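**Student:** Could you look at this predicted model? Sequence included:
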Amino acid sequence: MSELSVVTLGHVHTEAIESLTAHLTRLEQVVTNLAPRVRLGESRAELNRAVDAAANDWILILREREFLDPALAKEIVSAIAGSSAWGFRISVIPIYASKPLRLGGTAGELRLFHRRHLLRRGELAVEGTVVRLANPVHALTFESAAEHRSYLEKHAVPHSTLRQLLLFARNARTLDGNTLRYLWIEAGFDQ
C-alpha cells in the first residue's frame, strides 16, 4: 500500500506522473504558486505550506516540463515501500531534440522525502539518511533546434562575441554532438 503526494512547481501535466499510477494506491498532486526554476531553499514558506497541505506522508517535488519514466516510477515506489532512508536525491537529465543533454553533474537534489523528517528552515533537507536514486527525472527543453532558435529570438539578450565564447566554453566539456549544438545555439552563435 503506497501513497504519494506530488508537489508541483509550475504547470505539471498529469501525463508527467502517469507512470506512477499503476504502482500506487493513492496519488495526489499539490499545486504551488512557485516558479518552475526557483531554488527550493529560497521558497521554504510556500514549500512548507504545500507539504502541510499534502495528504500523504511521502512527498515528491516535480518541476514544470519534468516527467517520470517507468523505471524511475518503480524505483520511487520501491524506495517508499522499503523506507531505507528518509530522503532521496534525484538527478535531472534535460532532453533536447529528443536526446539527453550531457551538461554535468548527476548528484541531483532532494526531491523525494518523508514529511515527518523534513527540516523546516534553510536549504531543503531531512533529518536522517539521504540516498541518491539511480534513475533520473527527465526534463523537456526544446523539441528541436528550430524551436530553440525561435525562443532565443524572442527572449535572448544580445552578447558580445567574447561573452558568447565564454558562455560556450564554460559548459562545453563534452564530445556529445547534441549537447554541443544546444550550447552553440544557447551562446548565440547560430543567429
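**Tutor:** Received the coordinates, thanks.
**Student:** Return the distance of the longest helix along the chain from the chain's centre.
**Tutor:** Ordering each helix of the chain by length in residues (DSSP state H) puts helix 70-82 first. Helix 70-82 has its C-alpha centroid displaced from the chain centroid by 17 Å (C-alpha atoms, centre = their mean, to the nearest Å).
**Student:** which residue packs closest to residue 71, ignoring adjacent ones?
**Tutor:** Counting by C-beta to C-beta, 6 or more residues apart in numbering, residue 71 lies nearest to residue 135, which is 4.7 Å off, once chain neighbours are set aside. (C-beta placed from N, C-alpha, C; glycine too.)
**Student:** what's the distance between that neighbour and residue 43?
**Tutor:** 26 Å (C-beta to C-beta, to the nearest Å).
**Student:** Please apply the same query to residue 103.
**Tutor:** Counting by C-beta to C-beta, the gap from residue 103 to residue 43 is 24 Å.
**Student:** Could you verify my assumption that residue 33 touches residue 47?
**Tutor:** No: Residue 33 is beyond contact range of residue 47, at 10.8 Å (criterion: C-beta atoms under 8 Å).
**Student:** who has more neighbours, those two?
**Tutor:** Set residue 33 next to residue 47 and count neighbours by other C-beta atoms under 10 Å: residue 47 wins out with 22 against 10.
**Student:** Okay, strands next: where are they in this protein?
**Tutor:** Assigned by DSSP state E, the strands in the chain fall at 3-9, 26-31, 58-63, 66-67, 87-90, 92-96, 99-100, 109-114, 118-119, 125-126, 130-132, 137-140.
**Student:** Would you tell me which of the ones you listed gets closest to residue 81?
**Tutor:** Across the strands of the chain, residue 81 has its closest neighbour in strand 58-63 (9.9 Å, C-beta to C-beta).
**Student:** ok, residues contacting that closest one?
**Tutor:** 2-10, 12, 16-17, 36-37, 40, 47, 51, 68, 76, 80, 111-115, 118, 137, 139 (C-beta atoms under 8 Å, 6 or more residues apart in numbering).
**Student:** Generate the PyMOL command that creates a selection of the buried members of the residues you listed.
**Tutor:** One line in PyMOL is enough to select the buried members of the contacts of strand 58-63, burial here meaning 16 or more other C-beta atoms under 10 Å:
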select buried, resi 2+4+5+6+7+8+9+10+12+16+17+40+47+51+68+76+80+111+112+113+114+118+137+139
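**Student:** isn't residue 137 right next to residue 71, touching?
**Tutor:** No: look at residue 137 against residue 71 with C-beta under 8 Å: they stay out of range, at 11.2 Å.
**Student:** could you point out where this structure is predicted with low confidence?
**Tutor:** 1, 104-106, 157, 167, 170-172, 174-175, 189-191 (pLDDT under 70).
**Student:** Could you chop it up by domain?
**Tutor:** 3-140, 145-187 (automatic domain parsing).
**Student:** Span of the last one from start to end?
**Tutor:** End-to-end distance for domain 145-187: 13 Å, by C-alpha to C-alpha, to the nearest Å.
**Student:** centre of the chain versus that domain, how much separation?
**Tutor:** Worked out by C-alpha atoms, centre = their mean, domain 145-187 lies 21 Å from the chain centre.
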